[in-house]
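Trainee: here is a sequence together with a model predicted from it:
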Amino acid sequence: MSLTPPDYVSNPYQAWAWITLGKKEVTLGDDGRPQHLVSFQHQMSSNVAGHAIVELFDASWTVIEDLVIANAQEMTARYGYFGGRQSPTYKLVLQSYTPKFQPPGVKITFEAVSSVVLGVDDRLVSKTHAGKDIHEIVQGIASARGWKCDFDEALPVLDNAGLETANLGKATFVQSKMKDLQFIREVLAPRALRKKDKVGNYRTWFDDSSNTLHFHPPRAGTEDVVRKYIFMRDRMGEMISFAPEIKGAALAYGGGVSAAPYMDAQTGEVGHVEASDSSTPDKTLLGGPSTQTAAPKAEQAMVVENRPLRDADQADAAARNRYHQASDYLYGATAVVVGDPELPVQKIVDVTVLSPAGKQHYTSGPYLILELLHVITDGSYQTTLTLHRNAQQTADGADKGTGVVRSS
């Protein structure tokens, strides 16, 4: 789409970053005029905490550095446009700074990370979680830490540890000297399948702008679409560039089939469970009806565990989780758009690519935002989106997939 003047025109809607050290605003003077800022970068991901790089210029040589020394690690950042869209205020922890001395003054480069790294996940915990479903454990951790929690209900994981009874009950999960987010990502998420459709690939990330812990698979509903872009080779277009990518290795080994062995702890039965396109009919085909469906030879299957699981149900969960994780990354893309400080990760953008004849390219359609990079320099602001999805519109080399089609 074309630019929206109230948001993206030239002055007075210039791009800027508002930085504080301690409680002192350093990128605006006491008279409200811009000062000090050279450049600003903020990277957001659904896997790790936010990371920022800030360059400031200090003609006095002392003002900025004195604030750093006086306020230690306290830092906040907000960015966007004067009089237009602006991001939330992010609390950051200063990791390092490098002064570069020049004749006119000193340019100081700061590296900072989201306060989630040191502020909310800084302790090792040893605890046994019994009698609860996975999402209930996550919700309990969030509540104990004062976080909001956005989750999808997971299927119960059943077990009878030690075979003390013949009846199965909810499995016990042991958190042994692990940080809370580490325990959720490494122990709970790989065992979780969404209750309503048996979809795995639970993503765990912390939105520090709203103090919310997210625990759910990628969502692909129409209500999750946050932007619609049209790439039509227009210099006044909002989308500056778009580069789709089809991952060949994932086509052969990731989206084809995954397998998990098991040895039933009660019956002694030995076998394995496979997950593939045809065995996961409830998944969402994000992008269109075509995907990679052909299962490779058995010896090329992605084995999930290197040791047998306790029964076929747990093997099925592991195989499904690995399959959904791999197939969700079959088709990727990188897009550069006019800076947008309100874009969130793990939401959907609809991209339409038009040929000179007006025909829609097969890489058009919805994509999930995996990562965002905001860059402001010399008053110019661009956002780079790392995107992915698991299906596409009809094209050579793709088969009709099994699942609920979600296309534009």
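Mentor: All right, it came through fine. Numbering: from 1, shown residues only.

Trainee: confidence score at the closest residue in space to residue 371 that isn't next to it in sequence?
Mentor: Distances taken as Cβ to Cβ, 6 or more residues apart in numbering put residue 386 closest to residue 371, at 3.8 Å, once the chain neighbours are dropped. Bear in mind the C-beta positions are built from the backbone N, C-alpha and C, glycine included. The per-residue pLDDT reported for residue 386 equals 96.

Trainee: next, find the distance separating the nearest residue to residue 307 once chain neighbours are set aside from residue 192.
Mentor: Spatial nearest neighbour of residue 307, excluding adjacent residues (Cβ to Cβ, 6+ apart): residue 261 at 7.7 Å. Separation of residue 261 from residue 192 (Cβ to Cβ, to the nearest Å): 20 Å.

Trainee: ends of stretch 60-76, what's the gap?
Mentor: 22 Å (Cα to Cα, to the nearest Å).

Trainee: scratch that, stretch 345-362
Mentor: Across stretch 345-362, first to last residue, Cα to Cα, it's 24 Å.

Trainee: now do that stretch: distance to the chain's middle.
Mentor: Distance, stretch centre to chain centre, for stretch 345-362: 21 Å (Cα atoms, centre = their mean, to the nearest Å).

Trainee: pLDDT of it, averaged?
Mentor: Stretch 345-362 comes out at a mean pLDDT of 89.

Trainee: stretch 232-246 now?
Mentor: 81.

Trainee: then it to CSV, C-alphas only?
Mentor: What follows is stretch 232-246, C-alpha atoms only, in CSV (Å, rounded to 0.1, in the frame of the first residue of the first chain):
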residue,chain,number,x,y,z
MET,A,232,4.4,-3.3,-6.7
ARG,A,233,7.8,-1.7,-7.5
ASP,A,234,6.6,1.7,-6.3
ARG,A,235,9.2,4.0,-4.7
MET,A,236,6.4,5.4,-2.6
GLY,A,237,5.3,2.0,-1.5
GLU,A,238,5.4,1.0,2.2
MET,A,239,7.2,-2.3,1.4
ILE,A,240,10.7,-1.4,0.2
SER,A,241,11.9,-5.0,-0.7
PHE,A,242,10.7,-8.6,-0.4
ALA,A,243,12.9,-11.7,-0.7
PRO,A,244,11.2,-15.1,-0.3
GLU,A,245,13.2,-18.2,0.4
ILE,A,246,12.4,-21.9,0.0
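
Trainee: now find how far off-centre the longest helix along the chain is within its chain.
Mentor: Longest helix in the chain, counting residues (DSSP state H): helix 312-327. In terms of Cα atoms, centre = their mean, the centre of helix 312-327 is set 20 Å apart from its chain centre.

Trainee: cool, and stretch 391-408?
Mentor: Its chain's average C-alpha position is 23 Å from that of stretch 391-408, according to Cα atoms, centre = their mean.

Trainee: residues contacting that stretch, please?
Mentor: 220-222, 277-278, 280-294, 330-331, 350, 352, 360, 362-366 (Cβ atoms under 8 Å, 6 or more residues apart in numbering).

Trainee: do that again at 6 Å, thanks
Mentor: For stretch 391-408, contacts defined as Cβ atoms under 6 Å, 6 or more residues apart in numbering pick out 220, 277-278, 281, 283-291, 293, 331, 350, 362, 365.

Trainee: coming back round to it: what about residue 261 and residue 192, which has more around it?
Mentor: residue 192 (29 against 18; other Cβ atoms under 10 Å).

Trainee: so what's that one up against?
Mentor: Residue 192 sits in contact with 134, 154, 202, where contact means Cβ under 6 Å, 6+ apart.

Trainee: from those residues, pick the one nearest residue 18.
Mentor: Closest to residue 18 out of those is residue 202 (34.9 Å), distances taken as Cβ to Cβ.

Trainee: separation between the closest one and residue 303?
Mentor: Counting by Cβ to Cβ - residue 202 and residue 303 are separated by 20 Å.
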